[in-house]
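Asker: Quick one, what's the 3D model for this:
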Amino acid sequence: MTDSPSPKPMRVSRISLAQMMQPEHANNLGNVHGGWIMKLVDEAGALACMRHSQCRVVTVAIDSMSFRHPIKTSDLVILNAEVTYTGNTSIEAEVQVIAENPLTGQRWQTNTAYLLYVALDDHAKPTKVPPVFAETIEEERKIAEAKERQQRRLKERK
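Answerer: Just a heads-up that it's a prediction; the model follows:
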């Protein structure tokens, strides 16, 4: 990768994953384990960051994750992820989790999570990532909010 990667629009990173929840993903009440959803969220976020950076990435932080609605076995879980922040070597992904009853089409958002990753070169060393840029007012808002989250993370680390 070059010293100054070319900026990329948010849309380049967008990815959607969908998976039907099975009994092995759930407890005996039929509610999907939060840890299983967290795993899927991490995978979706990492894929969005890899798509943006064209590098391997590792998870550095996951902001708090609240479950607003249970996900049941036989629900379809849809994860929509995109890059919302880039630093020098760090990348934030926003991941929205939606559950859907595939028989009725009813959908509800269960979570939104923000994850921070670091891009790695072929020697597993942090590497520069392309800046992300907005093409819409909504994307500008997301990038501004992501910068605030990153400033808060850095402040909390001190």
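
Asker: So the spatially most central residue of the chain versus L116, what's the distance?
Answerer: In the chain, the centroid-proximal residue (Cα atoms, centre = their mean) is G45; its distance is 2.9 Å. Distance, G45 to L116, by Cβ to Cβ, to the nearest Å: 9 Å. (Glycine included, C-beta is placed from N, CA and C.)

Asker: So for the two, which residues contact both of them?
Answerer: T59 (Cβ atoms under 8 Å, 6 or more residues apart in numbering).

Asker: Tell me where the protein has strands.
Answerer: Remark: strands assigned in the chain by DSSP state E are 8-9, 15-20, 56-62, 76-86, 90-100, 107-120, 132-133.

Asker: Tell me the residue in the protein that is farthest from the middle.
Answerer: Outermost in the chain, Cα atoms, centre = their mean: N28 at 28.3 Å.

Asker: Now do that residue against I98, distance only.
Answerer: 25 Å.

Asker: And for A113?
Answerer: 12 Å.

Asker: if you count what's nearby, which of the two comes out ahead?
Answerer: Ranked by neighbour count (other Cβ atoms under 10 Å), A113 and I98 place A113 first, with 22 against 19.

Asker: Hmm, the more buried one is touching G45, no?
Answerer: Yes - in this structure, A113 is within contact of G45 by Cβ atoms under 8 Å, at 7.4 Å.

Asker: Now tell me which helix or strand of the protein has the poorest mean pLDDT.
Answerer: Lowest on mean pLDDT, DSSP states H and E among the helices and strands of the chain sits helix 137-157, with a mean of 93.

Asker: and the angle for it with strand 107-120?
Answerer: For helix 137-157 against strand 107-120, the angle between stretch directions is 60 degrees (axes from the mean of the first three to the mean of the last three Cα atoms, to 10 degrees).

Asker: Could you list every helix and strand that helix 137-157 packs against?
Answerer: strand 76-86, strand 90-100, strand 107-120 (3 or more Cβ pairs under 8 Å, 6 or more residues apart in numbering; DSSP states H and E).
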